[in-house]
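> Predicted model follows, preceded by the sequence.
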Amino acid sequence: MSGERTALVTGGLRGIGRGIVEALLAEEYTVLVADLDSEREAHQEWALPRGVYYSRTDIADPAARRDLVSRVETLFGAPRVLVNNAGIAPAQRVDILEATEESFERVMRVNLQGPYFLTQQIARLMVAARRTEQKPFHRCIINISSSNAVAASIARGEYCISKAGVSMATKLWSVRLAEYGIPVYEILPGLIKTRMTEVVQEKYDRLIADGFVPLGRWGYPADVGKAVAMLARGDLPYSTGERIRVDGGQMLERF
């Protein structure tokens with residue numbers, strides 16, 4: 001399958017991840033979805049369509065990452081696309097004066113350490129494939145970050161720091177992999193309507209009505225999926241290390 005359209009998407013079972021998977025399926029990709037649910041739970045959550053494989057994976061666990069990479073290699077060889085989407089918020093929103101080391105470590109393992117070292121392992125496969133390909137296929141790595149990579153939220157400092165780390169990881173990998181023609185991108189979603197944002201929907205409904213988001217609406221997982229599909233197609237062939245905001249203009253500098 002190394003020459004076919006293949007992708008690994010972490011955290012791809014629901015929310016933004018599912019929007020990404022659906023967008024890649026529309027581009028005729030075969031996708032391996034990695035998430036925490038069991039196979040049975042995954043099928044209950046989403047009747048996985050044709051073209052989707054599933055792997056139960058805790059991205060924070062080094063052994064689980066190794067098993068995932070082995071599965072990827074068995075299925076695809078080197079995938080054309082890696083999307084690092086899996087991530088968590090702190091279990092509780094706590095002022096940084098009161099936040100705990102346990103919460104900090106948990107968020108860092110999932111949001112930063114896991115994706116960083118998964119990228120290392122998948123990048124090795126991509127580089128090895130590059131060296132033997134008769135025809136170089138478009139390959140890329142896409143990190144799903146957050147507006148909180150640049151905007152401070154003192155009630156979830158560990159999340160902000162983890163996403164800022166993803167931004168730097170994007171720069172590092174884009175520099176390292178440029179010689180192999182493998183671009184690395186970062187997508188910064190803003191307010192995306194998912195289960196994770198249900199608890200703050202009323203608050204942000206009011207803010208959106210008051211102009212917090214210039215385009216005047218919530219984002220949807222499909223909005224992020226379209227951005228991923230664009231990058232996966234190779235529509236920005238002379239760009240790497242770029243940040244793409246999918247936030248309705250939320251982070252624009254305004255008077």
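Nice, I can see it. Predicted model only: the values in this text are computed from it and were never measured. Numbers count the residues shown, from 1 in each chain.
> residues contacting the residue nearest the centre of the chain?
In the chain, the residue lying closest to the centroid (C-alpha atoms, centre = their mean) is residue 85, at 2.2 Å. For residue 85, the contacting residues are 9, 10, 11, 12, 16, 17, 20, 144, by C-beta atoms under 8 Å, 6 or more residues apart in numbering. In short, each C-beta sits where N, CA and C put it, glycine included.
> Let's see if you can find the most crowded of those.
Sorting the contacts of residue 85 by how many neighbours each has (other C-beta atoms under 10 Å) puts residue 20 first, at 32 neighbours.
> Find the helix or strand that that residue is a member of.
helix 15-26 (DSSP states H and E).
> Check the closest residue to residue 92 other than its chain neighbours and give its pLDDT.
Distance criterion C-beta to C-beta, 6 or more residues apart in numbering; nearest residue to residue 92, sequence neighbours excluded, is residue 103 at 7.5 Å. pLDDT, residue 103: 97.
> quick check, residue 103 in a strand?
No. Counting by DSSP: H, G, I helix; E, B strand; the rest coil, residue 103 falls outside a strand, being helix.
> so what's it up against?
Residues near residue 103 by C-beta under 8 Å, 6+ apart: 90, 91, 92, 94, 158.
> my guess is residue 23 contacts residue 222, does it?
Yes. Contact criterion C-beta atoms under 8 Å: residue 23 and residue 222 qualify, at 6.9 Å.
> which of these two has more neighbours?
The neighbour count for residue 23 versus residue 222, taken as other C-beta under 10 Å, is higher for residue 23 (22 against 17).
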